[in-house]
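Student: What follows is a predicted protein model with its sequence.
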Amino acid sequence: MTKLRRTVLISRPTLALFLLLFAIFACRSTNQTKDQGWTKLKVLSDKEDHPSKIVTDGEALYYITGGTVASMNEGTNNIKKILLKDGTVSVLVKGGKIIPDEMLAADDKFLYWSDGGNIMRVPKGGGESEKIIPGAPKPDEIVMDDENFYWVIWGGEGSPPSPLMVAPKVGGEPKELTPRYLGTSGISIDRDNVYWMTGEGIKKISKKGGEVIDVYRNTSKSPSLGLLQDADNFYFAQMNSRGHSALMKLSKKSGEATQLAASINHVMDFVADADSIYYFDDVPGKGSFGPTALMKVSKAGGSPVELDQGIGGWLRYLTVDAKQVYFTDISRVNAIAK
């Protein structure tokens, strides 16, 4: 069968207008000055190459930069570190021709990262990276305990069903922990079990494997997205029929789901500390290219609080420690007091 390609003819004035608008919006994303908001943040590092995934151990920040062929040529496909005590920025992993995936995890000794097909580790103080899990299907979200990694395989639109994976932290072969599901979008663990979000709701399985148990059934026609938990509750985003999402809390004891915040940007990270959930949301009434707000809401309920807002491109990733919330944008690593 011959495939027909649709050709779109664009007049020169239309093309000129498109390029002008593109330049304006690009400037809004990359030229973040104080008149564009973010009056409360502190910039920890500037002029970075598209910093993305970010984690903290309370003493340092670790984040990924680059991610493109251009970055490869410029030598900016890296994993970097910022010491919080003095702000020193250093390169922990020089990616070179390897493009680090947007996946990081840290324990007391090591930072764990992925090259897209293997899980690597590097001493947090610096040194050579070591491949510890070869042939690891592309990790997206990852959690760990003292013995194992558990992760969700990255899947875009049209991807086939995929299982949760497990592998020993000391190194070894990855194994499928669960049957294969469509639309997995969050993972968390407690002492005995692994929990994950699917289009059907929250499921769990013993860390040792076995029967999959439904914890929460999503009765909506729209998906539930993301997953955090503490000793008493689960937290996730629930999309509605208009494509917007609310931040929800699900009681482990009663199974009752309650709304913590009426609106949350579900394509961006949300993170938690002992008392609050931190998340991004679009500022109401400002349009698609308007400012984004960094918000927090108490786990106990109450009105959400805006920590700061501003114009920003490449916003997605968040992490939190005892004092501050950290996030990356198109060229910076930022901190805001909690």
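Tutor: Yep, it's here.
Student: CA only for contacts and neighbour counts going forward, please
Tutor: Will do.
Student: Excluding chain neighbours, give the residue nearest to H244 in space.
Tutor: Distances taken as CA to CA, 6 or more residues apart in numbering place S263 nearest to H244, at 7.1 Å, with adjacent residues excluded.
Student: would you say that neighbour is within a helix?
Tutor: No. Applying DSSP: H, G, I helix; E, B strand; the rest coil, one finds S263 to be strand, outside a helix.
Student: low-scoring stretches of the stretch 101-250 of the chain, by residue?
Tutor: Applying pLDDT under 70 to the stretch 101-250 of the chain flags the ranges 156.
Student: Recalculate using a threshold of 80.
Tutor: 155-159 (pLDDT under 80).
Student: What helix or strand is D140 located in?
Tutor: strand 139-144 (DSSP states H and E).
Student: Sheet partners, orientation included, of that strand?
Tutor: Using DSSP bridges, the strands paired with strand 139-144 are strand 148-153 (antiparallel).
Student: so how far is the strand it pairs with from its chain's centroid?
Tutor: Relative to the centre of its chain, strand 148-153 is centred 15 Å away, using CA atoms, centre = their mean, to the nearest Å.
Student: Then stretch 224-239?
Tutor: Computed by CA atoms, centre = their mean, the chain-centroid distance of stretch 224-239 equals 14 Å.
Student: Buried residues in it, which are they?
Tutor: By neighbour count on 16 or more other CA atoms under 10 Å, the buried set for stretch 224-239 is 224-229, 233-239.
Student: what's the burial count for the closest residue to S220 other than its chain neighbours?
Tutor: Excluding its sequence neighbours, the residue lying closest to S220 (CA to CA, 6+ apart) is N240, at 7.9 Å. Neighbours of N240 under the rule other CA atoms under 10 Å: 14.
Student: Contact partners for N240?
Tutor: By CA atoms under 8 Å, 6 or more residues apart in numbering, N240 lies in contact with S220, S222, P223.
Student: So the second one sits against H244, correct?
Tutor: No. In terms of CA atoms under 8 Å, S222 does not count as a neighbour of H244; the distance is 9.8 Å.
Student: circling back: give me the distance from the strand holding D140 to the chain's centre.
Tutor: Per CA atoms, centre = their mean, the centroid offset for strand 139-144 relative to its chain is 10 Å.
Student: Quick one: residues in contact with it.
Tutor: Under the contact criterion CA under 8 Å, 6+ apart, strand 139-144 has outside partners 102-105, 114, 116, 149-154, 186-189.
Student: so which pair among those residues is furthest apart in space?
Tutor: G116 and I189 (23.0 Å; CA to CA).
Student: what about the helices in this protein?
Tutor: 12-30, 69-74 (DSSP state H).
Student: which stretch in the ones you listed is the model least sure about?
Tutor: Of all the helices of the chain, mean pLDDT reaches its minimum on helix 12-30 (a mean of 44).
Student: burial measure for the closest residue to S331 other than its chain neighbours, as a count.
Tutor: Nearest non-adjacent residue to S331, counting by CA to CA, 6+ apart: E48, 4.6 Å away. Residues near E48, counting by other CA under 10 Å, number 16.
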